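> Sequence unavailable; structure follows:
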């Protein structure tokens, strides 16, 4: 089956047919985290969004190179051109070397991505690991005349660029609008125009993270790293550039300008942006003080959370919305996701146990086609999940003998669900919990046997159960509602 | 209790009292892996060795910065000054971009370290992330006159250095011996003397991993990265430099020479080296084709392995030898380690369940003192473990009422074992197994109840058990020896 994938391109504001630059290959660059805080729901969303895209291209047999960076320097407070480096600021607060901060939060981010079952990218370059490449690119931009040096800093000349290219091509802003959005910040007097942005910043004496350059000691502007690293690992023009919608301006707009100045081309053919997670109608974000980090979700320890939600519940919650829609956080929505995920996993188990009949009472090919249609249509996971639930309904009908399935279709159905549920949507059974569940189920059975023994006045049996459980460090407490148990040797 | 730690210093060939350079602070640099292959037992040993040292300093309250690098460029085949970069070679074999190889094996290494319960280092710098710092250091060495450029490569002038400093101070080799050990390899004609080593190598046209430098496009010599990164994150002189014994020459010898040339000082006060893992009496190594990787241990899938060994068994196996002794691989030794670890964990559980008496029949302080004596004596883990097993004996005696323990001592004993077994030796209960064990125990109990019900001719009860277990997808098969069970819905 040949699949035609439609992708909504932020650049053209319409859905386009995906045609790779090199046949059967996909190069995809996604903006990763600035590692200065605990990973939160705002990290989970792009992580999961582009994981689905990566998984789907791989499923279709594309040789896919997925590059996602780690920003470990150069990202200043408020995404601005002056002020303190986010990581350095955190390092001061925690009295650590900046690279210790980077290590702590890179590990936390990796762990969160792993728990959410996001595949690691093919390459994970770091800003500090590509200072030379950034300097080289800045030199090139100066040579083409689109950047200028002032006091050891280098700025991109947006006005001059605008004479030849369209600055605002991605965000749809025009220069005047850009000007309005520009805050008046320290260091602005070095710029020819307020909308110019830094390619290289001269480092003040007490700035910790700095490197030698042709313009003196300094550090790269935040937008440079992605241009330099995407070009290094994917070439000057690649297929897909992704990231959160909040990165469209100025970050991705600046990347396009830098690449145009350097290579006379927009770096990416398709620009994809995931929407935000909102809470009480506002964007969930660190600076807004209203974010919930992932560990808080997993443990339920946050005032806004009524209970803990498992990693797969979070994954389901995110995939139940299309990546270009906002997702509003609520306990009700999360509980619904939990229920939905459980229902899907139960169906996966039921599917394994089904037995076949002579004929199928439904059309398996129709389900398969609808699933592919959904994912091919701009990676529409909510519709894909809805289609899978049509399948779940049928699975349950077969189980209750209200429908039938032929042996060939049963094999096909199992393959279809494995591909979509595990390989493409990236769900996993939450195993350790499964094991705990099993122990719980066995304990319930034992307690039921004990109740029955007591009802039968079989005191020998009832006592035996209590004694044997004691040997396993299990205490039983009887109350009016029944029996409770706890294991007493837990650490 | 003030602890005096004795450390065997390879530099002085004797045990010395550890005195930190800055009070209450420890800076430790350890050479990490070249990420071009699956992690194996030879990676586990330094990982675990320096993990113990890191954990112990932290336990004593030292603010410890542990830096362990990732070599992702510049390490040529045979540790030589010419030939192919190890990572590039692997990339060609696997048809990947070198940085894809780096990503795959860095992740594999991190996963292995995590499974072995080694704490992540405070900072994990990469060679490619510090090209500028290496270039800066090479410039400094050229300025001091201890390096020279030929054809775009820069070499360290060992003979000139030897006129002022002792080259061979760490390895104990003299210049003539060094000469004997030098292979005649391509590129030697660029050097003044065969024992000179590369600080920067001119890159041939088809060399993939290369950077701009004052000497043209090239890449740093393997020894440079550790000098540049240790200085960046720990300063020009720090407390401990560690690594495997095979790194003493030429790698660490070269580091000392580079730092002396640059900063007029040996970079580290104490040089620690773990010994090798041997197999059939020979060093286990990738180039020798006789190595067993860690996944093979965990799954038992290797012709030399009679069974699978868990991560904690591997950890116990390594810690049962002192880090400066060789460890010879054998199934017998691993099985003994497995048994030992299990015995220790069983004792930890027993310790939790002990009840106290009025008085103790033994001296808890003596055990504690002996444990600290062992670890303070050059981190002697085998003696520490032997002392803990003295404690295990007593725990078991108290459990069987052959010894007694007071309440105060019981609290102390629990704390002591927690500190040494979990915090310092870094053992963990192999949890998922614990949970499986619990399910197994409950199933045994249920089957026993069923047997008893049958013996009592309580057919209702016996049938009920079978039916309820069926609902949980558990099948029971009765045979002459008793009942077997299996869960049928496992994936």
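Sure thing, it's come through. Nothing here was measured: the structure is a model prediction, and the numbers come from that model.

> Which pLDDT value goes with residue A:481?
In this model, residue A:481 is scored at 63, pLDDT.

> so what's residue A:350 up against?
Applying Cβ atoms under 8 Å, 6 or more residues apart in numbering or on different chains to residue A:350 gives the contacts A:395, A:396, A:399. All C-beta atoms are positioned from the backbone trio N, CA, C, and that covers glycine.

> Closest to residue B:106 out of these?
Nearest to residue B:106 among the contacts of residue A:350 is residue A:395, at 40.8 Å by Cβ to Cβ.

> Can stretch A:399-410 be said to contact chain B?
No: for stretch A:399-410, no contact with chain B is found by Cβ under 8 Å from any Cβ of the partner chain; the gap never falls below 12.7 Å.

> Could I get the buried residue list for that stretch?
Residues A:403, A:404, A:405, A:406, A:409, A:410 are the ones in stretch A:399-410 that count as buried (16 or more other Cβ atoms under 10 Å in any protein chain shown).

> For it, give the mean pLDDT please.
Confidence for stretch A:399-410, expressed as mean pLDDT, is 96.

> How about the backbone phi and psi for residue A:169?
phi -60, psi -30 (degrees, to the nearest 10).

> Next, the residue in the stretch 151-300 of chain A that chain B sits nearest to: phi, psi?
Here the stretch 151-300 of chain A gets closest to chain B at one residue, residue A:211, 5.1 Å apart by Cβ to the nearest Cβ. Dihedral angles of residue A:211 (phi, psi; degrees, to the nearest 10) stand at phi -140, psi 160.

> ok, back up a step: where helices are concerned, which of the buried residues of stretch A:399-410 count?
A:409, A:410 (DSSP state H).

> Relative to chain B, which of the buried residues of stretch A:399-410 is nearest.
Looking across the buried residues of stretch A:399-410 and measuring by Cβ to the nearest Cβ, the closest to chain B is residue A:410, at 15.7 Å.

> How about the closest one: what's its closest non-neighbour residue?
residue A:356 (4.6 Å; Cβ to Cβ, 6 or more residues apart in numbering or on different chains).

> Report the contact partners of the one you found.
Residues near residue A:356 by Cβ under 8 Å, 6+ apart: A:404, A:405, A:406, A:407, A:409, A:410.

> Please apply the same query to residue A:90.
Applying Cβ under 8 Å, 6+ apart to residue A:90 gives the contacts A:36, A:37, A:96, A:101.

> any idea which helix or strand carries it?
In this assignment (DSSP states H and E), residue A:90 forms part of helix A:86-94.

> So for that helix, what gets flagged as buried?
Quick answer for helix A:86-94 (16+ other Cβ under 10 Å): A:86, A:87, A:88, A:89, A:90, A:91.

> just the helices in the stretch 201-350 of chain A please.
With helices called from DSSP state H, counting those that start in this stretch, the stretch 201-350 of chain A shows them at A:222-234, A:253-263, A:294-299, A:311-319, A:331-353.

> just the stretch 1-150 of chain A next, same as before
Ranges of helices in the stretch 1-150 of chain A, per DSSP H, counting those that start in this stretch, are A:41-59, A:86-94, A:98-115, A:131-143.

> Output the contacting helices and strands for the third one.
If you count contacts as 3 or more Cβ pairs under 8 Å, 6 or more residues apart in numbering or on different chains; DSSP states H and E, helix A:98-115 packs onto helix A:41-59, helix A:86-94, helix A:294-299.

> most tightly surrounded among the ones you listed?
helix A:41-59 (a mean of 23; mean count of other Cβ atoms under 10 Å in any protein chain shown).

> Who are the packing partners of it?
Under the contact criterion of 3+ Cβ pairs under 8 Å, 6+ apart, helix A:41-59 touches strand A:25-30, strand A:63-68, helix A:98-115, strand A:238-244, strand A:268-274, strand A:277-279, helix A:294-299, helix A:311-319.

> Mean pLDDT added to the ones you listed, as CSV?
Shown next, in CSV, are the helices and strands packed on helix A:41-59 (pLDDT from 0 to 100):
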stretch, mean pLDDT
strand A:25-30, 97
strand A:63-68, 97
helix A:98-115, 96
strand A:238-244, 98
strand A:268-274, 98
strand A:277-279, 92
helix A:294-299, 92
helix A:311-319, 98
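
> Let me know which of these is the nearest to residue B:190.
helix A:98-115 (34.9 Å).

> hey, which helix is longest across chain A?
If you go by DSSP H, chain A has its longest helix at helix A:431-455.
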